[in-house]
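**Q** Pasting the sequence and the predicted model now:
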Amino acid sequence: MKAQVLHKYDPDLSSGSWVNLEDVDDPKIEKSTDVVVRIGGAGVCRTDLHIVEGIWMPHMDPDGNSLLPLIMGHENAGWIEEIGPEVEGFSVGDPVIVHPKITGGTCLACRRGHDMHGDGTFPGLDSNGGYAEYLQTTSRNLVKLPKTLAPKDVAPYSDAGLTAYRAAKKAAQQLLPDHSVVVIGAGGLGHIGIQVLRAMCAATIIVVDINDNALELAGKGGADHLVKADGSEVDAVKLLTNGLGAEAVIDFVGEKGTTKKGLDMTRPMGSYYIVGYGEDIQIPTVDMIITERNIIGNLVGTWAELTELMALADRGLVDLETRHYSLSEANQALLDLHHGKIQGRAVLVP
Ligand code: ZN
């Protein structure tokens, strides 16, 4: 099959040509519950740029030479091409979206439904992913797509969408109609999070972003108030929330100073949900005690949550803004993402 292969890290992302289109061996059914998916779409994620930079090396590749060559791509959807003999409930040709983490299903975390905390692999990060024509996964990871949803239009839901969904769902479960929620960053994840909040709670949604186009997209997604991040965004949010800040703040950026601003926008007894990452969170412990604020981490989402998100998408309650590239244009897609030229999400379509 054809695949885009990463052969070497590029810490300052200066090369611009990071992956190579090559003929590689087709993935095979190895275990009886394995499935080979013909890729219909593979989302291009900022995490892929972080892999190229080598940020994940200490976790995935500590000696620097055991992971590469790697086929990236952890946001995959497509059609079932081949199934192992013990696969039940799926047939060749079924359209599916692929949960990004492959787990065994028997450890305690798995049995409690905490897929992201189970033992396993994450194709596209630690093994070959979906920047290719075919992907090996297992039947445990698949969610069948409703007829309304095409793989190339939903692939990024499997990671970006799922992550946004989990954080927005956690917040929505606490938010009452007289509450406010702030979303920092209305990009690839944020624009999904806003729609999930709109669909799942009645709180006032305030969106903060530096980019006018992102704010416009947020308005279409159901934001009640749009705040330009021009340095006065904390004051602007306070003005909209009786001077106290919001009950929930979801930070999809997590760098360039948003963590301090996000906490400043969180009212006493409120919760600050961190999704984007890059900088350290710094807050005096005494402030945490006096204000009883919560800081909540969020890691992708569960298989059940991916099913929930597909139910929202099926009913048209969330809609993903995508730009399609052919598999051969993978470097262009990564470059456009790197240069902030993508609204919503880029998807490779083989
Ligand atoms: Zn991703």
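**A** Yes, it's here.
**Q** Please enumerate the helices of the stretch 251-350 of the chain.
**A** 258-264, 285-291, 303-314, 330-338 (DSSP state H, counting those that start in this stretch).
**Q** ok, the residue in the stretch 101-250 of the chain positioned nearest to the ion - contacts?
**A** Across the stretch 101-250 of the chain, no residue is closer to the ion than D159, which sits at 3.6 Å (Cβ to the ion). Placement of C-beta: from N, CA and C, glycine included. If a contact means Cβ atoms under 8 Å, 6 or more residues apart in numbering, then D159 has 43, 45, 47, 74-75, 100, 300 as its contacts.
**Q** Now render those as JSON lines, adding pLDDT.
**A** What follows is the contacts of D159, written out as JSON lines (pLDDT from 0 to 100):
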{"residue": "G43", "pLDDT": "97"}
{"residue": "C45", "pLDDT": "94"}
{"residue": "T47", "pLDDT": "91"}
{"residue": "H74", "pLDDT": "98"}
{"residue": "E75", "pLDDT": "98"}
{"residue": "P100", "pLDDT": "97"}
{"residue": "V300", "pLDDT": "96"}
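**Q** Tabulate these (CSV), appending secondary structure, neighbour count and distance to the ion.
**A** Output for these, formatted as CSV (DSSP: H, G, I helix; E, B strand; the rest coil; neighbours: other Cβ atoms under 10 Å; distance: Cβ to the ion, whole Å):
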residue, secondary structure, neighbour count, distance to the ion
G43, strand, 31, 6
C45, coil, 26, 3
T47, helix, 20, 5
H74, coil, 27, 6
E75, coil, 29, 5
P100, coil, 29, 7
V300, coil, 20, 8
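**Q** Select, out of the helices of the stretch 251-350 of the chain, the one closest to A132.
**A** Across the helices of the stretch 251-350 of the chain, the minimum distance to A132, taken as Cβ to Cβ, is reached by helix 330-338, at 10.0 Å.
**Q** wouldn't K2 be in contact with A330 here?
**A** No: using Cβ atoms under 8 Å, K2 is not in contact with A330; the gap is 10.7 Å.
**Q** between the two, who's got more neighbours?
**A** Higher neighbour count among K2 and A330: A330, with 27 against 14, using other Cβ atoms under 10 Å.
**Q** show me what contacts H225?
**A** By Cβ under 8 Å, 6+ apart, the contact set of H225 is 204-207, 240.
**Q** Just send the contacts of D159 back as a markdown table, with distance to H114 too.
**A** Output for those, formatted as a markdown table (distance: Cβ to Cβ, whole Å):
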| residue | distance to H114 |
| --- | --- |
| G43 | 23 |
| C45 | 22 |
| T47 | 20 |
| H74 | 18 |
| E75 | 20 |
| P100 | 14 |
| V300 | 11 |
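**Q** Next, the buried residues of stretch 178-196.
**A** For stretch 178-196, the buried set under the neighbour-count rule, 16 or more other Cβ atoms under 10 Å, comprises 179-196.
**Q** got a pLDDT number for V182?
**A** What the model reports as pLDDT for V182 is 98.
**Q** so what strands line up beside the helix or strand hosting it?
**A** V182 belongs to strand 180-184 when assigned by DSSP states H and E. Looking at strand 180-184 with DSSP bridges, its partner strands are strand 204-209 (parallel), strand 246-251 (parallel).
**Q** Make CSV from these and add mean pLDDT, distance to L215 and mean neighbour count to it.
**A** Output for the strands paired with strand 180-184, formatted as CSV (pLDDT from 0 to 100; distance: least, Cβ to Cβ, whole Å; neighbours: other Cβ atoms under 10 Å):
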stretch, mean pLDDT, distance to L215, mean neighbour count
strand 204-209, 98, 5, 26
strand 246-251, 98, 16, 28
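**Q** Can you tell me which of those strands is nearest to A155?
**A** Set against A155 and scored by Cβ to Cβ, the strands paired with strand 180-184 come closest in strand 246-251, at 22.7 Å.
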